[in-house]
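Student: Sharing a model that was predicted from the sequence below.
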Amino acid sequence: MPANDPSSDPFLPQLIAQAFATLMDDLHRHLVESGHDDLRPTHYLNVFRFMDCDGTRPTTLARRAGMTPQAMGELVTYLERHDYVRRVPDPTDGRSRVVVYADRGTQAAETATKYFADLESRWVEVVGKGRLTTVKSALAQIVGMP
């Protein structure tokens, strides 16, 4: 097949998955280099990305991550033991608890935020600002974001 034959192009889901895998590998390496070598991708894929700023109930985290409450409980317990999160009384229902960032969790989140800003700058260098803006806009539209 000729090199410009569209049938030889990778499928979009493959490209998105590869870009995401690269991003996650680089993020993990960056967090390890920043002193967070006890974090695993499952922690930021299944816990941190689903946490609300004012805290989130473990059952809500489990539902959002598509996990059992028991499995989420194990992740939260690990993160709590390593000072990434704390369980505090739910301000809307004192009988329940919510998961909030602890000191190391806040530091890891700040490290990740800086990493993502740097990543976007690197991607601008690779494809140009206009093309990256177009990709972001198209992906936002696909996932239903304004």
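Tutor: It's in.
Student: what packs against the one helix or strand F20 maps to?
Tutor: Element membership for F20 (DSSP states H and E) is helix 12-33. Applying 3 or more CB pairs under 8 Å, 6 or more residues apart in numbering; DSSP states H and E, we find helix 12-33 packed against helix 41-46, helix 103-127. From N, CA and C alone the C-beta is placed, and that goes for glycine too.
Student: moving C-terminal of the shortest one, what's the next helix or strand?
Tutor: Using DSSP H and E, the next helix or strand after helix 41-46 towards the C-terminus is helix 58-65.
Student: still on that earlier bit, starting at the chain centroid, how far to the helix holding F20?
Tutor: When distances are taken as CA atoms, centre = their mean, to the nearest Å, helix 12-33 is centred 10 Å away from the chain's centroid.
Student: CA atoms only for that helix, dumped as PDB, please.
Tutor: Extracted in PDB, the C-alpha atoms of helix 12-33 (Å, rounded to 0.1, in the frame of the first residue of the first chain):
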ATOM      1  CA  LEU A  12      -8.100   7.400  16.100                       C
ATOM      2  CA  PRO A  13      -8.800   5.400  19.300                       C
ATOM      3  CA  GLN A  14      -5.300   3.800  18.900                       C
ATOM      4  CA  LEU A  15      -3.700   7.300  18.600                       C
ATOM      5  CA  ILE A  16      -5.600   8.600  21.600                       C
ATOM      6  CA  ALA A  17      -4.700   5.500  23.700                       C
ATOM      7  CA  GLN A  18      -1.000   5.800  22.700                       C
ATOM      8  CA  ALA A  19      -1.000   9.600  23.500                       C
ATOM      9  CA  PHE A  20      -2.700   8.800  26.900                       C
ATOM     10  CA  ALA A  21      -0.200   6.000  27.700                       C
ATOM     11  CA  THR A  22       2.700   8.300  26.900                       C
ATOM     12  CA  LEU A  23       1.200  11.100  29.100                       C
ATOM     13  CA  MET A  24       0.600   8.700  32.000                       C
ATOM     14  CA  ASP A  25       4.100   7.100  31.700                       C
ATOM     15  CA  ASP A  26       5.700  10.600  31.700                       C
ATOM     16  CA  LEU A  27       3.500  11.800  34.600                       C
ATOM     17  CA  HIS A  28       4.400   8.800  36.700                       C
ATOM     18  CA  ARG A  29       8.100   9.300  36.000                       C
ATOM     19  CA  HIS A  30       7.800  13.000  36.800                       C
ATOM     20  CA  LEU A  31       6.000  12.300  40.100                       C
ATOM     21  CA  VAL A  32       8.600   9.700  41.100                       C
ATOM     22  CA  GLU A  33      11.400  12.100  40.300                       C
END
